[in-house]
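J.: Predicted coordinates and the sequence they were generated for:
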Amino acid sequence: MTVGFARRVALVLSAGWLSGGLVPSGLEAGEAGLLEFMRAQSQRRYTQVPRQVLAFYYTWYGTPARHGRWIHWGQVNPEQHDISESTHYPARGAYDSDDPELVDAHMDQAKAHGLTGFIATWWGRDGFEDRAFVTVLDRAERKGFKVTVYWETAPGSGAAQKDRAVRDLVYVLRRYGRSPAFLKVDDKPVIFVYGRVMGQMPLSAWPEVIHRARAEAGDFILIADGYSESYARLFDGVHTYNICGWVQNKSPEALRQLSARTFAENVGLAKRHARISCLTVIPGYDDTKIRKPGLKADRQNGQTYRVLWEEAIRADPDWVLITSWNEWHEGSEIEPSWEHGDQYLKITAHYAAQFRASPFSRVPVPASASKLTADQAQRLRQSFAGRTIGLLPGYSGLAPLMLADAGVAVRELAWADLLDARLFNPRAYPVVLYAGGEHYLRTVRTANDVEQALQRYLGEGGFLVCMPHLPWPFYYDEAVGKPAPITARLGLPVAGGWERPPEGATLKFELDTRALPGLPASVLFPASGDLRWRPAQRSAAPAGARYSALATLKDATGQSLGDAIAYVELREPPLQGGKTLYVWMRIPELLGDEPGLCALWQFVAEKLAGR
């Protein structure tokens, strides 16, 4: 990042977050603060977005006639209507994505059945799919059809990865984004970002990547793969590609109930932040021909697709996305096949017409994204008045965002900041928050210097609050890419657990409501989502420590299975005088997010005050 970029960020963000909770970041100029960038992004609001029905479109198929070999099809047997790498057999047979007549036919079929555009797979400059996209864009211009790219990969790490990402974005925007056929909102080109890129690119890298790409190629819109609070604040919209995980093994009625709830939540998340809301529907899914054991969601003779469409329309997003037009490997295509004919195009036409009958979503966009009440925000500000909370790198989730929303002073730290005892100490940061996944950096300059700095901080009376969004905090050393857990050496008594709960077990958390007033006395263990359980255990606390369980998981017999919230006062060197609070990744959500987090931070404030 250039000095000019850093200066622009500083100018844009000098007002702070909402009520002024952010203080200047401790990050170097090359790492723009994520919270500050989210503050700037909150000014980008999308309240009336024209309807779109878009299908994910795959341009990676090739034939011997055009390319000298089969590409992405495997072995093709027309007589048996069988393709080794395809779940079903295309009605038109195996084809070449670079054939203009083929692309014309696809767009004519799509338009005739209510689609407004394609989201075409894109794997980087000068690749097979990039060359095919030239044909797609050309035909879309002739057909009055909209197209965009699905950014599939962002390889590398560190500065090299960010440079590559900027180059890729600028290339797409300059070469394709100016076309009248390229999908736009408010005259800004729209690019969809696949989950692989979201996983490869650290969240903290996006501010620099986006700002640099805008500076070089003009403004644009990114739609992230994933429904999370962080993504909704950081990007212009949210979507997801594959919903097979929760569609599979569902009866139509069970699917309807789950879809109604999930779709409403996803649209609500986007609308709360004035983002472009997208919902995905699939006719079915079956990748068992190419992956073992693979996944399968039965089409149920069209019922799966119909139920998803009906609930998507009821949830009223801005856009409906279809997975997919022609992902033949995974059996999710709506393009006509030998097995299903044009059944799924006809279903699409029926529901797309209903969805597009109204020009815009009617779901209201609130004036503020924060779900904190005025009283909750005021209490948090008062409780931490005069104190700054240090935020360790790699964070995500709601905890740091809620503090910033409330106006609590939060300062983002780089790992290198921890090494300077004059700057990183309990006087500067009475509380330090780890809200990452499972990664951290153990060494910056000399072996294990970050670990030693955190131990020094605790030994000087610091308070380490651990609210991870993945199961085990401080687990992977990101410099070496393999496990190096240090929770025990930081006074965090995390031990044991499971990947999935015992089959048929009845599990609930019992809470200490004296320590956490206003919260329910008990909540059930979650029934879906990430069920990995990494509890705190009294037996894993450091010698001599004072251990307090604030939420304990128990089975039907009342037996304890460990603690979801544990507070530890450390009483022996090298951590003597320090405090830690461990919060299992799912418990704030089970307690209602804002109410749960508010109660936890009030507990932290009371311990800081010596109560």
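T.: Looks like it arrived, so ask away.

J.: The stretch 351-500 of the chain: strands as residue ranges?
T.: 388-391, 409-412, 431-434, 439-440, 463-466, 476-477, 482-483 (DSSP state E, counting those that start in this stretch).

J.: and what of the stretch 101-250 of the chain?
T.: 117-122, 146-151, 184-185, 188-193, 221-225, 237-239.

J.: Could you chop this structure up by domain?
T.: 52-355, 370-608 (automatic domain parsing).

J.: Tell me which of these approaches Pro364 most closely.
T.: domain 52-355 (7.0 Å; Cβ to Cβ). Just so you know, the C-beta spots here come from the backbone N, C-alpha and C atoms, and that holds for glycine as well.

J.: Please state the offset of the closest one from the chain centre?
T.: Its chain's average C-alpha position is 17 Å from that of domain 52-355, according to Cα atoms, centre = their mean, to the nearest Å.

J.: and it, average pLDDT?
T.: Mean pLDDT, domain 52-355: 97.

J.: circling back: nearest to Gly268, of the strands of the stretch 351-500 of the chain?
T.: strand 409-412 (25.4 Å).

J.: what helices or strands is that closest one leaning on?
T.: Strand 409-412 is packed against helix 34-41, strand 388-391, helix 398-406, with contacts defined by 3 or more Cβ pairs under 8 Å, 6 or more residues apart in numbering; DSSP states H and E.

J.: Mean pLDDT added to these, as a markdown table?
T.: Shown next, in a markdown table, are the helices and strands packed on strand 409-412 (pLDDT from 0 to 100):
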| stretch | mean pLDDT |
| --- | --- |
| helix 34-41 | 91 |
| strand 388-391 | 97 |
| helix 398-406 | 92 |
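
J.: Nearest residue to the middle of this structure?
T.: Residue closest to the average C-alpha location in the chain (Cα atoms, centre = their mean): Gly226, at 4.0 Å.

J.: How about that residue, nearest residue that isn't a chain neighbour?
T.: Met198 (5.8 Å; Cβ to Cβ, 6 or more residues apart in numbering).

J.: how close does that neighbour sit to Ala385?
T.: As judged by Cβ to Cβ, to the nearest Å, Met198 and Ala385 stand 37 Å apart.

J.: returning to what we had before: could the helices and strands packed on strand 409-412 go into CSV alongside distance to Leu222?
T.: Below are the helices and strands packed on strand 409-412 laid out as CSV (distance: least, Cβ to Cβ, whole Å):
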stretch, distance to Leu222
helix 34-41, 10
strand 388-391, 24
helix 398-406, 19
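
J.: Reformat those as a markdown table; add distance to Lys111 and mean neighbour count.
T.: Below are the helices and strands packed on strand 409-412 laid out as a markdown table (distance: least, Cβ to Cβ, whole Å; neighbours: other Cβ atoms under 10 Å):
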| stretch | distance to Lys111 | mean neighbour count |
| --- | --- | --- |
| helix 34-41 | 34 | 22 |
| strand 388-391 | 49 | 23 |
| helix 398-406 | 41 | 24 |
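
J.: Relative to Asp96, which of the ones you listed is closest?
T.: helix 34-41 (40.7 Å).

J.: now the closest one, how far from the chain's geometric center?
T.: The mean C-alpha position of helix 34-41 is separated from the chain mean by 16 Å, Cα atoms, centre = their mean.

J.: same question, stretch 38-49
T.: Using Cα atoms, centre = their mean, the offset of stretch 38-49 from its chain centre is 18 Å.

J.: can you check stretch 419-432 too?
T.: How far stretch 419-432 lies from its chain's middle: 31 Å, per Cα atoms, centre = their mean.

J.: Any buried residues in that stretch, and which?
T.: By neighbour count with 16 or more other Cβ atoms under 10 Å, stretch 419-432 contains the buried residues Leu419, Phe424, Asn425, Pro426, Ala428, Tyr429, Pro430, Val431, Val432.

J.: Render the CA-only coordinates of that stretch in PDB, please.
T.: C-alpha atoms of stretch 419-432 as PDB (Å, rounded to 0.1, in the frame of the first residue of the first chain):
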ATOM      1  CA  LEU A 419       6.800  -6.800  21.400                       C
ATOM      2  CA  ASP A 420       7.200  -3.200  22.700                       C
ATOM      3  CA  ALA A 421       6.500  -3.300  26.500                       C
ATOM      4  CA  ARG A 422       6.300   0.500  26.500                       C
ATOM      5  CA  LEU A 423       3.300   0.400  24.200                       C
ATOM      6  CA  PHE A 424       1.800  -3.000  25.000                       C
ATOM      7  CA  ASN A 425       1.000  -3.200  28.600                       C
ATOM      8  CA  PRO A 426      -2.100  -3.200  31.000                       C
ATOM      9  CA  ARG A 427      -1.800   0.500  31.400                       C
ATOM     10  CA  ALA A 428      -2.400   1.100  27.700                       C
ATOM     11  CA  TYR A 429      -4.700  -1.800  27.300                       C
ATOM     12  CA  PRO A 430      -6.400  -3.100  30.400                       C
ATOM     13  CA  VAL A 431      -8.200  -5.700  28.200                       C
ATOM     14  CA  VAL A 432      -6.900  -7.400  25.100                       C
END
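
J.: Next, count neighbours for the closest residue in space to Val494 that isn't next to it in sequence.
T.: Leaving aside its sequence neighbours, Val494 sits nearest to Thr487 (Cβ to Cβ, 6+ apart; 4.6 Å). Burial of Thr487 is recorded as 20 neighbouring residues (other Cβ atoms under 10 Å).

J.: what's near enough to touch Thr487?
T.: Trp472, Pro473, Phe474, Tyr475, Pro493, Val494 (Cβ atoms under 8 Å, 6 or more residues apart in numbering).

J.: coming back round to it: now the domains of the chain as a markdown table including distance to Arg362?
T.: Listed next are those as a markdown table, based on distance: least, Cβ to Cβ, whole Å:
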| stretch | distance to Arg362 |
| --- | --- |
| domain 52-355 | 6 |
| domain 370-608 | 21 |
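
J.: for those, which one sits closest to Ala40?
T.: Checking those against Ala40 by Cβ to Cβ gives domain 52-355 as the closest, at 8.6 Å.

J.: The stretch 201-350 of the chain: helices as residue ranges?
T.: 206-217, 229-234, 244-247, 252-272, 303-315, 343-355 (DSSP state H, counting those that start in this stretch).

J.: from those helices, which stretch is densest packed?
T.: helix 229-234 (a mean of 23; mean count of other Cβ atoms under 10 Å).

J.: Just the C-alpha atoms of that one, please, in CSV.
T.: Only the C-alpha atoms of helix 229-234 are listed here, as CSV (Å, rounded to 0.1, in the frame of the first residue of the first chain):
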residue,chain,number,x,y,z
GLU,A,229,-21.7,-9.9,10.2
SER,A,230,-18.1,-9.1,9.1
TYR,A,231,-18.9,-9.8,5.4
ALA,A,232,-22.0,-7.7,5.5
ARG,A,233,-20.1,-4.8,6.9
LEU,A,234,-17.0,-5.2,4.7
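
J.: want to try JSON lines for the buried residues of stretch 419-432, with distance to Val523 as columns?
T.: Putting the buried residues of stretch 419-432 into JSON lines (distance: Cβ to Cβ, whole Å) gives the following:
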{"residue": "Leu419", "distance to Val523": "40"}
{"residue": "Phe424", "distance to Val523": "36"}
{"residue": "Asn425", "distance to Val523": "37"}
{"residue": "Pro426", "distance to Val523": "33"}
{"residue": "Ala428", "distance to Val523": "36"}
{"residue": "Tyr429", "distance to Val523": "31"}
{"residue": "Pro430", "distance to Val523": "30"}
{"residue": "Val431", "distance to Val523": "25"}
{"residue": "Val432", "distance to Val523": "27"}
